[in-house]
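**Student:** Let me see the structure of the following:
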Amino acid sequence: MRPNSEDEQELLRLTATIPFDDRQCQKADLEDLRLPLIQAYLKEVGSELHIAASKMPLAELCRQMNIVDGADEHVKPRNVGVLFFNDEPSTFLPGCQIDVVIFPKGPGGGELVEKVFRAAPRTGTSAAVPTESCSEREGHQASESSGSNPHRQLSICRS
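**Tutor:** Now for the predicted structure:
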């Protein structure tokens, strides 16, 4: 079925208003989100949800983390969920990457450091690479910035 002109305009409006990471990943299913990766991430960031994660249904856990969307009978992962909690996100989102932007002097400080992570097969916590990189970079930048705490922003984009 080919969309008509009105449908195309609606799709373009949605594309312009919903950030890429918040969109449903139509190619993925709930089961494509790996519970061990989610649990490892929750533990790593010190979330209280980590304790309850092993006792709740995957859909409920993912809803609380805001990484799925849709009605109960048709739950779909959001792109951010696939990027962080699937071993091979490029299967679903070819050409995607995670950009970590660090503002050593704070937003508007005129300086930024960017680290790019391409979606590729990996093991362990999928967020571990950006998290470890930021931690290392923060320590390095903080010592260079006379002890100031750098700010960072995580964005997900499609190239």
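
**Student:** For the chain, give me the ranges with low pLDDT.
**Tutor:** Across the chain, the ranges flagged by pLDDT under 70 are 1, 3, 118-159.

**Student:** so where do the strands sit in it?
**Tutor:** 68-69, 76-77, 96-103, 113-118, 151-158 (DSSP state E).

**Student:** What separation is there between Lys76 and Pro104?
**Tutor:** 38 Å (C-beta to C-beta, to the nearest Å). From N, CA and C alone the C-beta is placed, and that goes for glycine too.

**Student:** which parts of stretch 90-104 are buried?
**Tutor:** Buried residues in stretch 90-104, counted by 16 or more other C-beta atoms under 10 Å: 90, 92-93, 96-98, 100-104.

**Student:** TSV please, covering those and showing distance to Pro36.
**Tutor:** Shown next, in TSV, are the buried residues of stretch 90-104 (distance: C-beta to C-beta, whole Å):
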residue	distance to Pro36
Ser90	20
Phe92	18
Leu93	20
Cys96	22
Gln97	23
Ile98	20
Val100	23
Val101	28
Ile102	28
Phe103	33
Pro104	34
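
**Student:** ok, which pair from these is furthest apart?
**Tutor:** Taking C-beta to C-beta, the two most distant members of these are Phe92 and Pro104; they sit 33.7 Å apart.

**Student:** how about the helices in this structure?
**Tutor:** For the chain, applying DSSP state H gives helices covering 5-17, 35-44, 49-53, 58-65, 79-85, 128-144.

**Student:** Export these as JSON lines, with columns for mean neighbour count and distance to Lys115.
**Tutor:** Converted to JSON lines, the helices of the chain look like this (neighbours: other C-beta atoms under 10 Å; distance: least, C-beta to C-beta, whole Å):
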{"stretch": "helix 5-17", "mean neighbour count": "10", "distance to Lys115": "27"}
{"stretch": "helix 35-44", "mean neighbour count": "17", "distance to Lys115": "18"}
{"stretch": "helix 49-53", "mean neighbour count": "15", "distance to Lys115": "26"}
{"stretch": "helix 58-65", "mean neighbour count": "17", "distance to Lys115": "23"}
{"stretch": "helix 79-85", "mean neighbour count": "25", "distance to Lys115": "15"}
{"stretch": "helix 128-144", "mean neighbour count": "14", "distance to Lys115": "5"}
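
**Student:** No more questions from me, cheers.
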